[in-house]
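**Student:** Sequence and computational prediction follow.
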Amino acid sequence: MPAQPNCCSLYLVVGAKHVEMRAWGGHIREAQGEERSLMSHELDGKTIVFLAAASGVEQIELVTPWEAVTAAGGTPVLVSDVPGEMQAFHHDTEPGDTFPIDKTVQEIPVERCAALVLPGGTTNPDKLRLSPEAVEFVAAVVGAGKPVAAICHGPWMLVEADVLAGKTLTSWPSLRTDIRNAGGTWIDEPVHVCIEHGWPLVTSRRPDDLPAFVTAMVTAFT
């Protein structure tokens, strides 16, 4: 498992109140100091592949879904087109943490992948879509009918894999023309779930949508 920063902040909505939570593995601690477990079992026994380039991934779009998968009992695996470490970024330009890559796309069979997460970061999918092996992996996951969750610029990999015909999705707004050209229907929503054509697709636009994104993602992966 990639080494994680000590914590990340999650924002949950309780009634009309936004509460900041700090997550460590399967537990959360309220900012005021109270700790309670969020471990559940929806994803027990499932390997969830997080696919990104070795540099350029938006850190919060990697770490927050990763924590949600772990909290739901799943096993996240960090995959890239090359071995080594993954350099994450904040807002595309500020270097963040580095994470050890667990497997390359050549090393992990599609059969082992229960679901796929495609985080964003502008340069991340732009680099990754130049890897034929990474594109083929995405297409194979979709071809096997497995669920996919993609946020922000992540859907660029779905464009490159030519799997969006007849699908409805959202993304960072600059991808809308590419999505339409690939046969998809682009909409502007915080999160959208599309089950057309035999595979579930969960998409969101930006980091602000992460609370809705991770909730829909875990549900789709269950």
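**Tutor:** Ah, there it is.
**Student:** so where's this structure shaky on pLDDT?
**Tutor:** Under the criterion pLDDT under 70, the flagged ranges of the chain are 1-39.
**Student:** Now do the closest residue to Glu61 other than its chain neighbours against Ser204, distance only.
**Tutor:** Distances taken as CB to CB, 6 or more residues apart in numbering put Pro119 closest to Glu61, at 3.9 Å, once the chain neighbours are dropped. To be clear about C-beta, it is placed using only N, CA and C from the backbone, and glycine gets the same treatment. Applying CB to CB, to the nearest Å, the value for Pro119 to Ser204 is 11 Å.
**Student:** Contacts only, for the residue nearest to His197 when sequence neighbours are not counted.
**Tutor:** Distances taken as CB to CB, 6+ apart put Gly166 closest to His197, at 5.3 Å, once the chain neighbours are dropped. Counting by CB atoms under 8 Å, 6 or more residues apart in numbering, Gly166 makes contact with 183-184, 196-197.
**Student:** try Ala53
**Tutor:** 80-81, 86, 123-125, 127-128.
**Student:** Residues in contact with stretch 128-138: which ones?
**Tutor:** By CB under 8 Å, 6+ apart, stretch 128-138 touches 51-53, 79-81, 104-106, 108, 110, 116, 118, 148, 156-161, 163.
**Student:** Report the buried members of those residues.
**Tutor:** 51-53, 79-81, 104-105, 108, 110, 116, 118, 148, 156-161, 163 (16 or more other CB atoms under 10 Å).
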